[in-house]
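In: Everything below, folded, please.
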Amino acid sequence: MSTPSPPAEGNPRLLDPSELGTKDYWNKAYTRELSNHATAPDDEGTIWFDESNAEDAVCRLLDRLEEEGHFERATARVLDLGTGNGHMLFTLREEEWEGELVGVDYSATSVELARRIEEARQLDDGMGVRFEEWDMLVQPPGDWCGRGGFDVVLDKGTFDAISLMPREADEVAVSDVYRRTAEGLVKTDGLLVVTSCNWTKVELCGWLAPEEGNLEFLQEAKYPSFKFGGRTGQSVVTIAFRKKSATLEDHELI
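Out: Numbers count the residues shown, from 1 in each chain. The predicted structure follows:
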């Protein structure tokens, strides 16, 4: 396995609340996509960060990590946090990931859409995908979590949405709940792979891999960069974190 090199430290900023951080927004969005899918089964809804080809970038990153020995797709258990229409997990099945794939979302209409798409795709018996409704900020994991945790946990914009939630309390506290919950879902030496359009590499590491946590920076996905105002950047980042060790708190969660 490769040796991770930590990025420079940074102080995370706060984002202004947005309707994108509300369950009502996503329920309405997936209700529209359910209606569209019912009318045209080939219409499976929005592919997350499609304009940046983020799904392809994540798959390439996972390919590299598998080559380095972090997991084997034939047996890896994968959890998709904020699964939406489930497209990421369907893509993994197409890429011959044969282990258990689970998608969770706090929007009931999202889960219904993903299940209907799975049915329309007519996946082979034993090679389907499990979709469950779950709010990671307020609910304990269900039986879908199992006892050992997941080899790979994917987040494609869920941390972004949480960062945009209307704040009745300190956002740092909500982000800390996210980090501790995510840590508990990942098995020791397993991976949390987070894709964001709101945070930089340094900021994501500041939120999710503080010294007191159990996650450490491992690798970053490759995206095209652009230059503006003399500075170089990119519109989306994907970071793979590795879980360093298990704690009593983790065992209580899973």
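In: pLDDT averaged over the longest helix along the chain, what's the number?
Out: Secondary structure assigned by DSSP state H gives helix 23-39 as the longest helix of the chain. The average pLDDT within helix 23-39 is 87.
In: swap in stretch 110-130?
Out: Mean predicted confidence for stretch 110-130 is 86.
In: With only the CA atoms kept, save that stretch in PDB.
Out: Extracted in PDB, the C-alpha atoms of stretch 110-130 (Å, rounded to 0.1, in the frame of the first residue of the first chain):
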ATOM      1  CA  SER A 110     -34.900   8.900  -3.300                       C
ATOM      2  CA  VAL A 111     -35.000   5.400  -2.000                       C
ATOM      3  CA  GLU A 112     -38.200   4.600  -3.800                       C
ATOM      4  CA  LEU A 113     -36.700   5.900  -7.100                       C
ATOM      5  CA  ALA A 114     -33.500   3.900  -6.700                       C
ATOM      6  CA  ARG A 115     -35.500   0.700  -6.000                       C
ATOM      7  CA  ARG A 116     -37.700   1.300  -9.000                       C
ATOM      8  CA  ILE A 117     -34.600   1.800 -11.200                       C
ATOM      9  CA  GLU A 118     -33.100  -1.400  -9.900                       C
ATOM     10  CA  GLU A 119     -36.300  -3.300 -10.700                       C
ATOM     11  CA  ALA A 120     -36.400  -1.700 -14.200                       C
ATOM     12  CA  ARG A 121     -32.800  -2.800 -14.800                       C
ATOM     13  CA  GLN A 122     -33.700  -6.300 -13.800                       C
ATOM     14  CA  LEU A 123     -30.400  -7.000 -12.000                       C
ATOM     15  CA  ASP A 124     -29.600 -10.700 -11.700                       C
ATOM     16  CA  ASP A 125     -30.700 -12.500  -8.500                       C
ATOM     17  CA  GLY A 126     -28.000 -12.200  -5.800                       C
ATOM     18  CA  MET A 127     -26.400  -9.200  -7.600                       C
ATOM     19  CA  GLY A 128     -28.900  -6.500  -6.800                       C
ATOM     20  CA  VAL A 129     -28.400  -3.400  -4.600                       C
ATOM     21  CA  ARG A 130     -30.000  -2.800  -1.200                       C
END
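In: what residues does it touch?
Out: 26, 30, 33-34, 37-38, 41, 44-45, 83-87, 89-90, 93, 98, 100-105, 131-133, 144 (Cβ atoms under 8 Å, 6 or more residues apart in numbering). (Each C-beta comes from the backbone N, C-alpha and C, glycine too.)
In: before we move on, the earlier item: the longest helix of the chain - contacts with which helices or strands?
Out: If you count contacts as 3 or more Cβ pairs under 8 Å, 6 or more residues apart in numbering; DSSP states H and E, helix 23-39 packs onto helix 108-121.
In: quick one: strands adjacent to the helix or strand just after the helix it packs on?
Out: Note on helix 108-121: by DSSP states H and E, the next helix or strand toward the C-terminus is strand 130-133. Within its sheet, strand 130-133 is paired with strand 101-105 (parallel), according to DSSP bridges.
In: tilt between the partner strand and helix 108-121?
Out: 150 degrees (axes from the mean of the first three to the mean of the last three Cα atoms, to 10 degrees).
In: just to revisit the earlier point, contacts for the longest helix of the chain?
Out: Counting by Cβ under 8 Å, 6+ apart, 19, 43-46, 84-85, 106-110, 112-113, 116-117, 120, 161 sit against helix 23-39.
In: Over to Cys197: give its phi and psi.
Out: phi -110, psi 0 (degrees, to the nearest 10).
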